[in-house]
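Peer 1: task: produce atomic coordinates for the following.
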Amino acid sequence: MRLFWMLLLWMPAVLWAASSPGYDFVEIDFSENNPDFKPYSNGDGYNLVGAISLPERNFAFLLYNDAPFRASGDEIGRGQEVDYWAIAGLGHAFRLAERVDLIVDASFRSTSIGDRDEAGYGLGAGVRLAPWQPLELTLHVAGIDLVETDLEMMAELAIRPWPALAFVTRLRDYGEWDFTAYEAGVRWYLR
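Peer 2: This next block holds a predicted model:
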């Protein structure tokens, strides 16, 4: 009986040979937005993330975060309530090695601060790698212009025990916006 359960649980991972990071997925996460200015409390909510491959190693992506928080950056206006954070963009993956991609991207960004909506853009670069099965790691940096110029740093770890499913943790940090987003959830791969 023990052999049956071992085969049932590990056969998909054995049959699946990950050779590169995946770009076709949908994901839902729990998100905790933590303002760096400590008198403000954390905001929690959900995160929807998706990506799809396009021809010639291009891809499209989106993220919607609905965890409200109080912005603590000086130019944004200390204490302003941020209701949502949205990102949609296009990118390209340069294959550096069998399991390593250099990614570059451009994105449209929007948010709601207090009673006004704001829009901006971002330009980013990073590396996505699948060092060994079942791990995928992404490190990404983006310069953004949304209300003010800022630097977004992101680190993501996906543990993919089966071809179609991964458990994801992500940290996104913003300097001038003065908050950190902690995200954890489930990703379903479409291909």
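
Peer 1: tell me which residue is most central in this structure.
Peer 2: Of all residues in the chain, the one closest to the mean position by C-alpha atoms, centre = their mean is residue 170, 6.2 Å from it.

Peer 1: what's the distance between that one and residue 39?
Peer 2: Separation of residue 170 from residue 39 (C-beta to C-beta, to the nearest Å): 26 Å. Where C-beta positions appear, they are placed from N, C-alpha and C, glycine not excepted.

Peer 1: can you list the low-confidence ranges for the chain?
Peer 2: 1-20, 72-79 (pLDDT under 70).

Peer 1: so where do the helices sit in it?
Peer 2: 2-15 (DSSP state H).

Peer 1: scan it for its longest strand.
Peer 2: Longest strand of the chain, by residue count under DSSP state E: strand 81-97.

Peer 1: wait, the residue nearest to the centre of the chain sits on residue 184?
Peer 2: Yes: using C-beta atoms under 8 Å, residue 170 makes contact with residue 184 at a distance of 7.5 Å.

Peer 1: so what's in contact with these two at the same time?
Peer 2: Taking C-beta atoms under 8 Å, 6 or more residues apart in numbering as the contact rule, residue 170 and residue 184 both touch residue 29.

Peer 1: show me where this protein has its strands.
Peer 2: Here the chain has its strands, by DSSP E, at 25-35, 43-54, 58-65, 69-70, 81-97, 100-113, 116-129, 135-146, 148-162, 165-174, 179-189.

Peer 1: identify all contacting residues around stretch 42-56.
Peer 2: By C-beta under 8 Å, 6+ apart, the residues outside stretch 42-56 that reach it are 23-35, 59-70, 82, 90, 92, 181, 183, 185, 187, 190-191.
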